[in-house]
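# Here you go, sequence then predicted model.
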Amino acid sequence: MVSERCYNEIVEKVKYNVGEDAFEYIWPAVKKALIEGTGKVREQILISWLDCDTCRVCTECGKIMEEGWYNMGAYACSDECVMKQDGISQEEFDRYQIFKSTIENYLDDGQNIEDLTKEEIQKIIDDNIENWDAYYTEWC
Ligand SMILES: [Zn+2]
């Protein structure tokens, strides 16, 4: 379901929260909730309770993900899921993977977004990724 890296973090954080002795009793229940629970349940455990660094929960389908989209406060595990959310159009997604309007802020007078090369667009993304409202990333 998740990578070893992510699994190990979850185990360590549960142990830290409940203590070594209680772990063996609580772990089966946590594991069951993560496998069978809804996206909301997974989010409550992984993010609200354990504050995991290595994963997020897809807002659309509830999948636990280690890389994916952050889109204006929501998360999406796949291109399919991010398309169900507001904020990014198919064209923006296909061409730029970020908001076209954001790139437009970086244009010189008279310059069109179409004038930018793929490398120039990538540089804007790399320089500003912390400030984007929507971007693809890996959590670690
Ligand atoms: Zn998803």
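Happy to help now that I have it.

# Quick check: next helix or strand after the helix or strand bottoming out on mean pLDDT in the chain?
Averaged element by element with mean pLDDT, DSSP states H and E, the chain has its least confident helix or strand at helix 90-95 (a mean of 67). Scanning the chain past helix 90-95 towards its C-terminal end, the next helix or strand to appear is helix 100-104 (assignment: DSSP states H and E).

# and that next one, what does it pack onto?
Based on contacts counted as 3 or more CB pairs under 8 Å, 6 or more residues apart in numbering; DSSP states H and E, the elements that helix 100-104 packs against are helix 118-128. Just so you know, the C-beta spots here come from the backbone N, C-alpha and C atoms, and that holds for glycine as well.

# Could you list the residues in contact with the helix ranked longest in the chain?
Ordering each helix of the chain by length in residues (DSSP state H) puts helix 20-36 first. Residues lying outside helix 20-36 but in contact with it, judged by CB atoms under 8 Å, 6 or more residues apart in numbering, are 1, 10-11, 14-15, 18, 41-42, 45-46, 64.

# Name only those of the residues you listed that count as buried.
Restricting the contacts of helix 20-36 to buried positions leaves 10, 14, 42, 45-46, 64, with burial counted as 16 or more other CB atoms under 10 Å.

# Write out the residues of this protein neighbouring the ion.
When proximity is defined by CB under 5 Å from the ion, the chain lies next to the ion at 58, 60-61, 63, 77, 81.

# Mind doing that once more with 8 Å?
Counting by CB under 8 Å from the ion, the positions of the chain adjacent to the ion are 58-63, 65, 68, 76-78, 80-81.

# Weed out the non-buried ones from those.
Members of the residues of the chain next to the ion classed as buried by 16+ other CB under 10 Å are 58-60, 62-63, 65, 68, 76-77, 81.
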